[in-house]
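Trainee: Any chance you can model this:
(one chain, ligands or ions: 1)
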Amino acid sequence: IFLMHNNKMFSFYFNSFTSGATTKVLRDMSTLPRVYVTRQIPPEGLKILQDSGQVQFELWDSDDVPVPRKELLQKVKGVDGLLCVLTEKIDAELLDAAGSNLKVVSTMSVGFDHLSLEELKKSRGIRVGYTPEVLTDAVAELTVALLLATSRRLIEATHEAKTGGWGTWRTLWLCGYELANSTVGILGLGRIGVAIAERLAPFKVKKFIYTDVAPRPELAKAINAEYVTLDELAKQSDFLSICCALTPETKEICNKNLFSKMKNTSIFINTSSHIRGGVVNQEDLYEALSTGQIAGAGLDVTVPEPLPTTHPLFTLKNCVILPHIASASYSTRNAMSALAANNLLLGLRSQPMIKELKL
Ligand SMILES: O=C(O)C(=O)CO
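Mentor: Numbers count the residues shown, from 1 in each chain. Below is the predicted model of the structure:
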């Protein structure tokens, strides 16, 4: 139990199984490094912070609403560490508000476009932890689910079944596209791309192709994928899965030009949680989907997030939009929170983090 008294934080041990008062003050926490946690993170991470005895921390105790910016700017004043999620912008204003005590920012995400790396680099001496790898399986699994939901039109199908559209059996009603004998293209081959391909291979995919800034033979070997140009990737892919990082070069790389080269039977999928939606020009995607230039799209990341319910992409039957849930399994979100907590504690002890972002 953590309690504030006379502006000091105390931890208590309370034995409720013995009779009489057995509350003991174990340690005056007020001398420990101060940490602010911007969200009610999953229990594994919280437990690590609590059990560590290494920090005193305050927490924005909600998972439903992000901490208001004004409150955040207040709360970070003088903290030694910050554990945040992807809804908090860690920029010059926030770092200035925190002040010179701040040594570690640990984000419970693999993506870091909410962190102003420029500002963090600026000789503030702040180290940054993040959570790659632990979400690879969950993201790959969700990608397969979204790909199948889109290509086999599952959302349309359940809607028809529920709303009376299910009439007689029809020969071409709700037909979609099969993975068997298909060519699957991966834009940006990394851990997640490989994990997706490994899961799709048993569906009897004929060929995997990929493009990246340069061939990645080691990774490609694992999935027997051929390196092609971006043009060839667009032309040959029956399913195109986007897994590249968002950089100035890849910003809106999925645009009119790319869609115009794709087959009108192809399916476009964007789930890569560390890139967000920025690699896709959504107006061009709308155009490609609504004119039949491509057959369908499944998106787990959009710009902005949340995507307004009035957005034109929501009007299309051949566009399946998920609310950024690729890593949303209990085990993965707990693993992310545990990794973020451990990165934070290690950083505050000036030890190497498990996953540290090189600034
Ligand atoms: O970790 C991230 O960056 C996400 O997008 C959510 O898993």
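
Trainee: who touches stretch 230-241?
Mentor: By Cβ atoms under 8 Å, 6 or more residues apart in numbering, the residues outside stretch 230-241 that reach it are 143, 147, 151, 177, 179, 182-187, 193, 196, 200, 209-211, 228, 253, 258-259, 261-263, 265-271. Any C-beta I mention is one placed from the backbone N, CA and C, and that applies to glycine too.

Trainee: Would you show me how to pick out the buried ones of those in PyMOL?
Mentor: Here is the PyMOL command that picks out the buried ones among the contacts of stretch 230-241, judged by 16 or more other Cβ atoms under 10 Å:
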select buried, resi 143+147+151+177+179+182+183+184+185+186+187+193+196+200+209+210+211+228+253+258+259+261+262+263+266+267+268+269+270+271
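
Trainee: So which of the contacts of stretch 230-241 sit within strands?
Mentor: Those of the contacts of stretch 230-241 mapping onto strands are 183-187, 209-211, 267-270, per DSSP state E.

Trainee: what mean pLDDT does stretch 127-138 have?
Mentor: Across stretch 127-138, the average pLDDT comes to 96.

Trainee: That stretch: which residues count as buried?
Mentor: Under the neighbour-count criterion of 16+ other Cβ under 10 Å, stretch 127-138 has 127-132, 134-138 buried.

Trainee: Provide the secondary structure category for V301.
Mentor: Look at V301: counting by DSSP: H, G, I helix; E, B strand; the rest coil, its state is coil.

Trainee: Which of the ones in strands among the contacts of stretch 230-241 sits closest to the ligand?
Mentor: Comparing the ones in strands among the contacts of stretch 230-241 against the ligand with Cβ to the nearest ligand atom places N270 closest, at 12.0 Å.

Trainee: The closest one touches C254, doesn't it?
Mentor: Yes: between N270 and C254 there is a contact at 7.5 Å, judged by Cβ atoms under 8 Å.

Trainee: which neighbours do the two share?
Mentor: Contacts common to N270 and C254, judged by Cβ under 8 Å, 6+ apart, are 242, 279-280.

Trainee: Distance of the closest residue to A149 other than its chain neighbours relative to the ligand?
Mentor: Using Cβ to Cβ, 6 or more residues apart in numbering and skipping the chain neighbours, the partner closest in space to A149 is V320 (5.5 Å). Noted for V320: a distance of 18 Å to the ligand, by Cβ to the nearest ligand atom, to the nearest Å.
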